[in-house]
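Q: Need coordinates for the following:
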Amino acid sequence: MSGNEYPAEYTTPSSSSSFQQKSQQQSSSSLHLHQQHHHHHHHQQAIERESVFPPLEYRLAQMGHCMEDIVICVDADAQIEADMKVAGANGRALSRLDAVKQAIFLFVHAKLAIQSLHKFAFAGMGEDFFWLQPNFTSNMDIINSSIRNLSSRGSFFRCDLSSLFHTAASLAKRSQAQGRILRVVLIYSRSSTIPTYPSKWPQTHKSFTFDALYLHDKPTNENCPQQVYDALVEALERVSVYEGYIYENGSHYTRILFRQMSCLLAHPQQRCSQDDFVPKDLSKKNTFSDSNSGPVTLDDSGNAPKVIP
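A: So this is what the prediction gives:
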């Protein structure tokens, strides 16, 4: 046997090292598979243990709300007969009053579809508030007749909301005694007559919600829609117990009136602030002008602007 030969039962050192490495790899692989199997087994056991417990349930707390008694008060001034920018079925222009009647029909039908226990009464506004249908009802025959009978009654150069608010405060007590709440929706159409209201209205007298829709002409040297709007905002903030909404429409487009009336479907006890009602479209930025170039130009997103365009 030469010096570099080994018996058959022996291996060279390099062969022995290679054999040991393979054995270690096989052992390591076997251990890894065993660990994987062990981990999978424990994971399966964990799933089986978890399945014993019932799934968690998340429930959103309900927002309490009462049925509404809603007084819809429509301006009886001649300006309610101004034209809107849409053609009627017979081709003639649609008046503000006709558009308002359609918007009220939309509002009442939708409100009753949501909850049939809401009730409505109807009133007009000349120099003072007056009743058209004083009894709250959900009877559609009575409601339809009341809406159809809305009309203008001449030109008025004064508008005092005091009688409307005092009547509403009295009615609100009766509604509360029945587990209901009262809301007043005023639809106003005068561009030159600034409404007045009680100079003092204690916090304890806040017992109803006040909403307003203001249809007006474009500002000129002969009218003052901005001052009218500001007065309505101040009146709302003074008397409304819940979040009141106010919308203005100087474009004469009926679609805007219908959309704004639809926004008033929101229940007073479930409302967010008006500024948060319609998500802001970041692609449409308001164009602000300096003090010498006139009022701010705003889009018709639905929220009430601070400045009448």
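Q: need the contact list for Met125.
A: Contacts of Met125 were listed using C-beta atoms under 8 Å, 6 or more residues apart in numbering, and they are 73-77, 159, 161, 164, 186, 188. (Glycine included, C-beta is placed from N, CA and C.)
Q: Give me the spatial nearest neighbour of it, chain neighbours excluded.
A: With sequence-adjacent residues excluded and distances taken as C-beta to C-beta, 6 or more residues apart in numbering, Met125 is closest to Asp75, at 5.1 Å.
Q: how close does Ile143 get to Ile181?
A: Here Ile143 is placed at a distance of 19 Å from Ile181 (C-beta to C-beta, to the nearest Å).
Q: Could I get the pLDDT score of Ser273?
A: The model reports Ser273 with a pLDDT of 86.
Q: who's in contact with it?
A: Neighbouring residues of Ser273 by C-beta under 8 Å, 6+ apart: Glu243.
Q: Check what pLDDT Gln178 gets.
A: Reported pLDDT at Gln178 in the predicted model: 96.
Q: what's near enough to touch it?
A: Contact partners of Gln178, counting by C-beta under 8 Å, 6+ apart, are absent.
Q: Over to Ile181?
A: The neighbours of Ile181, taking C-beta under 8 Å, 6+ apart as the test, are 66-69, 172, 175, 208-209, 242, 268-269.
Q: for it, phi and psi?
A: Here is the backbone geometry of Ile181 (degrees, to the nearest 10): phi -130, psi 160.
Q: ditto for Arg180
A: phi -120, psi 170.
Q: same deal with Leu182?
A: According to degrees, to the nearest 10, Leu182 has phi -110, psi 140.
Q: and it, how many neighbours?
A: 26 (other C-beta atoms under 10 Å).
Q: Which positions in stretch 166-177 come out as buried?
A: Taking 16 or more other C-beta atoms under 10 Å as the neighbour-count basis, stretch 166-177 is seen to contain the buried residues 167-169, 171-172, 175.
Q: Run a quick check on Val100 versus Ile72, I expect a contact.
A: No - applying C-beta atoms under 8 Å, one finds Val100 not in contact with Ile72, separated by 9.6 Å.
Q: joint contacts of those two?
A: When contacts are counted by C-beta under 8 Å, 6+ apart, Val100 and Ile72 are jointly contacted by Ile187.
Q: Once you drop chain neighbours, what's closest to Leu132?
A: Here the residue nearest Leu132, using C-beta to C-beta, 6+ apart, is Phe122, at 4.4 Å.
Q: where are the low-confidence patches of the stretch 201-309 of the chain?
A: Per-residue confidence for the stretch 201-309 of the chain (pLDDT under 70) gives these ranges: 282-307, 309.
Q: Would you state the helices of it in chain order?
A: Ranges of helices within the stretch 201-309 of the chain are 225-239, 254-263, based on DSSP state H, counting those that start in this stretch.
Q: Let me know the secondary structure of Arg183.
A: Arg183 falls in the strand class when you classify it by DSSP: H, G, I helix; E, B strand; the rest coil.
Q: Would you mind measuring from it to Thr254?
A: With distances taken as C-beta to C-beta, Arg183 is found 23 Å from Thr254.
Q: Could you check which of the two has the larger neighbour count?
A: For Arg183 versus Thr254, neighbours defined as other C-beta under 10 Å are more numerous around Arg183 (24 against 19).
Q: does the more buried one really touch Ser207, like I thought?
A: No - in terms of C-beta under 8 Å, Arg183 does not count as a neighbour of Ser207; the distance is 11.0 Å.
Q: pretty sure the residue nearest to Leu132 is touching Arg148, no?
A: No - contact criterion C-beta under 8 Å: Phe122 and Arg148 do not qualify, at 10.6 Å.
Q: So for the two, which sits in the more crowded spot?
A: Between Phe122 and Arg148, counted using other C-beta under 10 Å, the more crowded position is Phe122 (24 against 10).
Q: distance of the more buried one from Ala82?
A: From Phe122 to Ala82 the distance is 21 Å (C-beta to C-beta).
Q: Same question for Leu236.
A: Computed as C-beta to C-beta, the Leu236 to Ala82 distance reads 24 Å.
Q: Look at those two and report which has more neighbours.
A: When Leu236 is set against Ala82 and neighbours are counted by other C-beta under 10 Å, the residue ahead is Leu236, at 22 against 16.
Q: Give me the distance between the residue nearest to Met125 and Arg180.
A: In this structure, Asp75 and Arg180 are 26 Å apart, going by C-beta to C-beta.
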